[in-house]
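In: this is a predicted model, with the sequence first.
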Amino acid sequence: MELNLKTIRLNQIAINPLNPRELDHSSETDRSQYSLIARTMDEEYANELLISMQQQVLWVNQIVVVDTDLFCAVHKNPAEDLSSFDYVVLEGNTRVCCLKSGRINDIYPTSSIPVVCIEFKEGVSKERLRDDFLKIQGICNVSAAKEWRDLAKVRHIYQMYSNKRNLGYKLEDAIQSVANVLGLTTDTVTGMLRSYNILECIGLVNNKSMEQNWMLLDIFPQSGYAREVLGISHHFTYARFLVAESFLLIKEILDMGMDQGLEIRKMRDYMHRFFEVNQCLGMDREVVLAQLYNVTEDNLHIGSFMQRFMDYECDNEICWIRRISKLIRDFPKISDEQEYSEEVFEKLDSLILAAQRVKERLSA
């Protein structure tokens, strides 16, 4: 693979109809270039970029393109006829949409812009081409400061992993390769792959409404007990629900909480604590699910129901160690010049108490 700097006309470049962000609009049937630009420019992130580009168009972040024939060779069904374009965007879809929006002074369809063109030697397999396409998009948008939204990232990581498997990588090697390319831990990659499979199981992997509920999925990678209760296998490749209604039950509770004015972050914390306390008490799957069903059937107030779990004092060494980890993670930052606040002393007292409890339990 070679990267060559070129200057080409804007009307030679096609918006990528298979960009992970565009998949948020998977229910849309119109994938024409006009519609792709219009939908992108309706997004808040695109308008923020447009305002910046209207002030001054900078070419610090290069637009990356690939020959249309190569793109179509890799993607058998690119969603529309791209034959009238010489290149397709791999990286920089939103920037090209802004340039094509007609809302930037002195930028026209015939304007020439600098791009990085990816070129390959003859005889490279489609799988290898696809692997390089995904690698470039992942480095630019998953691990870089300019990031896609969570759903777009998790879809892209799944595509990278799947392509590695198609190239013959073993499961663990495919995960490690994706992690190395993106500068992520293997646990992070595995957690995102599991989240993808969870969404795929319930048919929401391309559902844009899940963007606001994404924190809900944060429960599963962190809690093996929650996965067990909800019928999710520990290994992401078998992340299939024994009872698909289990996840929909959690989502129903989440929606109830949102309707009651609770923030998604608060709901996430409630669910974490709910599973943590039930695990501490040794509750089996049926009992835990029955508690949740009671919430929906009796239309209980989520905050009132969950507060008893937030207030519950688990009294075993595992729970105390977890509490120590959380206290350390949330410990307030202090500088040499800063006076110690009352919050710092309260956190220290809590840490000392938790450490004493662990010592008592382990020495009993």
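Out: All right, it came through fine.
In: show me the shaky parts of the stretch 101-250 of the chain.
Out: Within the stretch 101-250 of the chain, the segments meeting pLDDT under 70 span 138-150, 198-223, 232-245, 247.
In: show me where it has strands.
Out: In the stretch 101-250 of the chain, the strands defined using DSSP state E, counting those that start in this stretch lie at 112-119.
In: ok, which stretches of it are helices?
Out: Assigned by DSSP state H, counting those that start in this stretch, the stretch 101-250 of the chain shows helices spanning 126-141, 150-166, 171-182, 186-201, 219-222, 224-229, 245-259.
In: for Cys117, give me its contacts.
Out: Listed by C-beta atoms under 8 Å, 6 or more residues apart in numbering, the contact set of Cys117 reads 3-6, 8, 64-67, 87. Where you see a C-beta, it was placed from the backbone N, CA and C, and this is true even at glycine.
In: 7 Å instead?
Out: By C-beta atoms under 7 Å, 6 or more residues apart in numbering, the contact set of Cys117 is 4, 6, 65, 87.
In: by neighbours, which of these wins?
Out: Val65 (26 neighbours; other C-beta atoms under 10 Å).
In: need the pLDDT of that one.
Out: At Val65, the predicted lDDT confidence score is 90.
In: thought it was touching Tyr87?
Out: Yes. Contact criterion C-beta atoms under 7 Å: Val65 and Tyr87 qualify, at 4.0 Å.
In: common neighbours of those two, please.
Out: Common neighbours of Val65 and Tyr87, counting by C-beta under 7 Å, 6+ apart, are 13, 117.
In: and the helices of the stretch 101-250 of the chain as TSV, adding distance to Ser101 and mean neighbour count?
Out: Shown next, in TSV, are those (distance: least, C-beta to C-beta, whole Å; neighbours: other C-beta atoms under 10 Å):
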stretch	distance to Ser101	mean neighbour count
helix 126-141	20	19
helix 150-166	21	21
helix 171-182	30	18
helix 186-201	31	20
helix 219-222	38	18
helix 224-229	44	18
helix 245-259	33	17
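In: so which of these is nearest Val74?
Out: Minimum separation from Val74 across those (C-beta to C-beta) falls at helix 126-141, 4.8 Å.
In: could I get the helices of the stretch 101-250 of the chain as TSV with distance to Met306?
Out: Rendered in TSV, the data for those read as follows (distance: least, C-beta to C-beta, whole Å):
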stretch	distance to Met306
helix 126-141	35
helix 150-166	24
helix 171-182	34
helix 186-201	22
helix 219-222	13
helix 224-229	14
helix 245-259	9
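In: closest one to Asp269 among those helices?
Out: helix 219-222 (10.0 Å).
In: can you spell out which helices and strands pack onto the helix or strand where Cys72 lies?
Out: Assigned by DSSP states H and E, Cys72 belongs to helix 68-74. Packing partners of helix 68-74 (3 or more C-beta pairs under 7 Å, 6 or more residues apart in numbering; DSSP states H and E): strand 87-91, helix 126-141.
In: closest one to Asp298 among the helices of the stretch 101-250 of the chain?
Out: Closest of the helices of the stretch 101-250 of the chain to Asp298 is helix 245-259, at 11.0 Å (criterion: C-beta to C-beta).
In: how far off helix 186-201 does the closest one point, in degrees?
Out: 90 degrees (axes from the mean of the first three to the mean of the last three C-alpha atoms, to 10 degrees).
In: check which element follows helix 245-259 along the chain.
Out: Downstream of helix 245-259, the first helix or strand assigned by DSSP H and E is helix 264-280.
In: could you list the domains of this structure?
Out: 1-120, 125-202, 212-312, 316-364 (automatic domain parsing).
In: and Thr68, how close does it get to Asn19?
Out: Distance, Thr68 to Asn19, by C-beta to C-beta, to the nearest Å: 15 Å.
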